[in-house]
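> Provided below for reference: sequence and predicted model.
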Amino acid sequence: MTEFIPAGTRYVELPSPFVFKRGGELRGGRMAYETWGRLNAAGDNAILILTGLSPNAHAASHADNPEAGWWEAMLGPGKPIDTARWFVICVNSLGSCKGSSGPASINPGTGQPWRLDFPELSIEDGARAAHAVVRALGIERLACVIGCSMGGMAALAYLLLHPGSARSHINVSGSARALPFSIAIRSLQREAIRLDPNWNGGHYDEQRYPETGMRIARKLGVVTYRSAMEWDGRFGRVKLDSECREDDPFGLEFEVERYLEGHARRFARYFDPNCYLYLSRSMDWFDVAEYGEGDVMKGLAKIRVERALSIGVETDILFPLQQQEQVAEGLRAGGADSEFLPLPSPQGHDAFLVDIARFGPAIERFLTRIYAEQRG
């Protein structure tokens, strides 16, 4: 059981006990976060970033950690999320293994890792924990809450559970509920981990570690994060230089297989398997319809923000475009000036991480408008 915490990470202690939506509680819990820029005297220039499943709080480099962050091209002075204007907070998700409390953390009651004794985790629990960070920093109302992928779900939960807590919202390749295809893929990923004998009911260590299960889970994920168009353009049917060995007749043969294998091996021990299981399941459980008498649109219409931008990608198969359109329409029904922006990126769900040329200007335009309105 290993936590992977970047340098410069800071912490907020969660209220104790922190009670979970589906039962159970956390005592001595904490949330990891990082910040950029400065909070102004009015306290109205704060932006909260909620991440996808695997990123840590290190979205961009700063004085305490000069290493590039997962959204380095998007965040910083003069960049689309301009830290010369905004005070930006990025939290590591509750349930992760990168600083915030999760299954890999130590249970203060036993002195051992929580493992599967960690309470059942929902997206709403993560949203409430993120709100605790914002309040601990003395911020009453955010200028904007930005949610990417799983973070898009968490942002909607944040706004539903804490009315009036943000002036605006940017939903980046997120959704109001999980669709059957996404649920099916994630269920296969979790099954790959759980069927690895080394998973051992969540009781593994560095010597007996479910690496095979994690590798397969990651490969499944990466296949859905990109598009068929990109796979074809990037790899085609290029074969490896060496032929398959006689002792491994079904081994790696194509460049795309080698890419997936390398990606999976780098990830397998970088993210705790139990944390992966918990966060993956939390996405499947999330459904804004719970807040709208069984109707997603009614649930979304209960969210009150002044402005919203919902961005999606035409080639995204994991969080398909109609889900971002639904978010935009639902927020508009709630009274927001809400825009839906479909982008033609070939890079699928991961486009927001790499296609900054398309995502950057859209986010910059939205935030510039918010900034101008706040300044009168």
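That came through fine. Residues are numbered from 1 along each chain as shown.
> partner residues bridging residue 168?
Residue 168 forms beta bridges with residue 144, residue 307, as assigned by DSSP bridges.
> count the neighbours of it for me.
Close neighbours of residue 168, defined as other Cβ atoms under 10 Å, add up to 23. C-beta here means a position set from N, CA and C on the backbone, and glycine is covered the same way.
> which pLDDT value goes with it?
pLDDT recorded at residue 168 is 98.
> wait, what's in contact with it?
Residue 168 is in contact with 143, 144, 145, 305, 306, 307, 308, 309, 366, 370, counting by Cβ atoms under 8 Å, 6 or more residues apart in numbering.
> same deal with residue 27?
Going by Cβ under 8 Å, 6+ apart, the list of residues near residue 27 reads 16, 17, 18, 108, 109.
> make it 10 Å
14, 15, 16, 17, 18, 101, 107, 108, 109 (Cβ atoms under 10 Å, 6 or more residues apart in numbering).
> with adjacent residues omitted, what lies nearest to the fifth one?
Spatial nearest neighbour of residue 18, excluding adjacent residues (Cβ to Cβ, 6 or more residues apart in numbering): residue 26 at 4.3 Å.
> now the third one
The shortest distance from residue 16 to any residue other than its chain neighbours is 4.8 Å, reached at residue 27 (Cβ to Cβ, 6+ apart).
> confirm that residue 32 sits in a strand.
Yes: looking at residue 32 with DSSP: H, G, I helix; E, B strand; the rest coil, it is inside a strand.
> just say helix, strand or coil for the spatially closest residue to it that is not a sequence neighbour.
Spatially, and ignoring its direct neighbours in sequence, residue 32 is nearest to residue 99 (2.6 Å; Cβ to Cβ, 6+ apart). Reduced to three states with three-state DSSP, the structure at residue 99 is coil.
> repeat that for residue 309.
Recorded secondary structure, residue 309: strand (three-state DSSP).
> distance-wise, check it relative to residue 350.
If you measure residue 309 against residue 350 using Cβ to Cβ, to the nearest Å, the figure is 19 Å.
> for residue 321, same thing?
Using Cβ to Cβ, one obtains 15 Å as the distance from residue 321 to residue 350.
> neighbour-wise, which of those two wins?
residue 350 (22 against 19).
> count the neighbours of the closest residue to that one other than its chain neighbours for me.
The spatial neighbour of residue 350 that comes closest, neighbours along the chain excluded (Cβ to Cβ, 6+ apart), is residue 225 at 4.3 Å. For residue 225, the count of nearby residues is 20 (other Cβ under 10 Å).
> quick one: least confident helix or strand in this structure?
Among the secondary structure pieces of the chain, namely its helices and strands, helix 228-235 has the lowest mean (mean pLDDT, DSSP states H and E), a mean of 88.
> show me the contacts for the closest residue in space to residue 19 that isn't next to it in sequence.
Nearest-residue entry for residue 19: residue 25, 4.8 Å, with adjacent residues in sequence omitted and distances by Cβ to Cβ, 6+ apart. For residue 25, the set of contacting residues under the criterion of Cβ under 10 Å, 6+ apart consists of 16, 17, 18, 19, 119.
> can you tell me which of the residues you listed has the most neighbours?
Using other Cβ under 10 Å as the neighbour definition, these reach their maximum at residue 18, which records 22 neighbours.
> hang on, it packs against residue 28?
Yes: counting by Cβ atoms under 10 Å, residue 18 touches residue 28, with 9.2 Å between them.
> spit out the residues that contact these two alike.
Residues within reach of residue 18 and of residue 28 at once, by Cβ under 10 Å, 6+ apart, are residue 101.
> picking that back up, wait, the residue nearest to residue 18 touches residue 106, no?
No: counting by Cβ under 10 Å, no contact exists between residue 26 and residue 106, whose distance comes to 11.9 Å.
> these two: which has the busier surroundings?
Comparing residue 26 with residue 106 by neighbour count (other Cβ under 10 Å), the higher total belongs to residue 26, at 25 against 14.
> where does the stretch 101-250 of the chain have low pLDDT?
For the stretch 101-250 of the chain, residues meeting the criterion pLDDT under 70 lie at 242-246.
> which parts of it are strands?
Secondary structure of the stretch 101-250 of the chain (DSSP state E, counting those that start in this stretch): strands at 106-107, 112-113, 142-148, 166-172.
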